[in-house]
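Colleague: here you go, sequence then predicted model.
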Amino acid sequence: MTNKAFGLLISSLLFFSPVILANESAQFSEHVREFVKNMVLDNNKHVTNIAHDDFKLLSEGQNPRATVVSCSDSRVQTKAFNQSPVNDLFFIRNIGNQIKSAEGSVEYGINHLHTPILLIIGHSHCGAIQAALSDYSKESPAIRQELDNLHLPKATELNHGVVENVNQQVEYALNKFKHKIDAKELMVIGALYDFRDDYHQGHGRLIIINLNGEEDAKKIKADSIMKGLAVHTLE
């Protein structure tokens with residue numbers, strides 16, 4: 001490359017770089033503004049549509065029925081299985097729907113709020129499980145620390161890994177809260193939210209895969225609590 005051509009190349013880069021940066025900055029601002037706009041509008045609807053008496057009841061304290069440990073994945077949201085989560089779900093989220101990363105929060109829901117249910121929800125094609133099954137050594141220390149809590153054989157197929165992780169989390173809970181389970185004060189339920197229909201029971205299906213350590217589908221359906229309900233299990 002001649003000196004003249006090199007100079008033209010540098011000049012063009014210097015010219016276009018500020019333009020590119022300006023466009024990226026404008027896109028960033030627009031994305032943030034659009035989110036904040038939606039947030040404000042939705043909150044206005046919330047304030048308008050909910051009776052003030054409901055807020056008065058909430059101001060006195062909380063009384064949820066379930067402590068829920070779910071993945072942070074944005075595709076997994078409460079309305080998929082609970083249309084009225086306010087004061088009903090003590091909701092805890094982290095990558096890989098694991099107890100260890102949020103043990104204090106889980107303890108608070110069960111020991112202080114006395115929820116009779118601990119619901120652990122994994123989901124199809126989980127990115128945290130995919131990472132745990134691969135080499136994540138180049139991730140940040142904080143992410144590595146969370147992924148280190150997921151103990152899965154590297155050769156595991158992804159969706160089998162999702163199931164295995166939920167079962168492991170249930171087992172951890174059974175050991176941790178054994179006294180409450182034995183006293184019939186707590187039931188631990190393991191479930192999958194399948195937005196991809198990977199388990200062939202319908203897009204968006206919540207599938208019960210573990211009930212206090214029981215993984216057999218027929219026995220889960222035959223349980224006195226589940227019997228007669230239209231629960232979906234892994235056959």
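Modeller: That came through fine. All figures in this text were calculated on a predicted structure; none of them were measured in a lab. Numbers count the residues shown, from 1 in each chain.
Colleague: what average pLDDT does the helix or strand harbouring N44 get?
Modeller: Assigned by DSSP states H and E, N44 falls within helix 3-49. Computed over helix 3-49, the mean pLDDT rounds to 76.
Colleague: next one: stretch 198-211
Modeller: The average pLDDT for stretch 198-211 rounds to 96.
Colleague: what does that stretch rub up against?
Modeller: Under the contact criterion Cβ atoms under 8 Å, 6 or more residues apart in numbering, stretch 198-211 has outside partners 80-81, 120-121, 124-125, 159, 163, 166-167, 170, 187-197, 215, 219-220, 223, 225-226, 231-234. Backbone N, C-alpha and C define where each C-beta goes, glycine included.
Colleague: identify each buried residue in that stretch, please.
Modeller: Of the residues in stretch 198-211, those buried under the neighbour-count criterion (16 or more other Cβ atoms under 10 Å) are Y199, Q201, R205, L206, I207, I208, I209, N210, L211.
Colleague: do you know the pLDDT at the closest residue to T78 other than its chain neighbours?
Modeller: Once its chain neighbours are removed from consideration, T78 has its nearest residue in P85; the separation is 4.2 Å (Cβ to Cβ, 6 or more residues apart in numbering). Looking at P85, its pLDDT stands at 92.
Colleague: what's the distance between G122 and R196?
Modeller: G122 sits 13 Å away from R196, going by Cβ to Cβ, to the nearest Å.
Colleague: between those two, which is the more surrounded one?
Modeller: G122 (31 against 13; other Cβ atoms under 10 Å).
Colleague: the more buried one belongs to a strand, doesn't it?
Modeller: Yes: counting by DSSP: H, G, I helix; E, B strand; the rest coil, G122 is found in a strand.
Colleague: next, R93: secondary structure please.
Modeller: Applying three-state DSSP: R93 is strand.
Colleague: in space, what's closest to it - neighbours in sequence excluded?
Modeller: Looking at R93 with Cβ to Cβ, 6+ apart, the closest residue is S72, at 4.6 Å.
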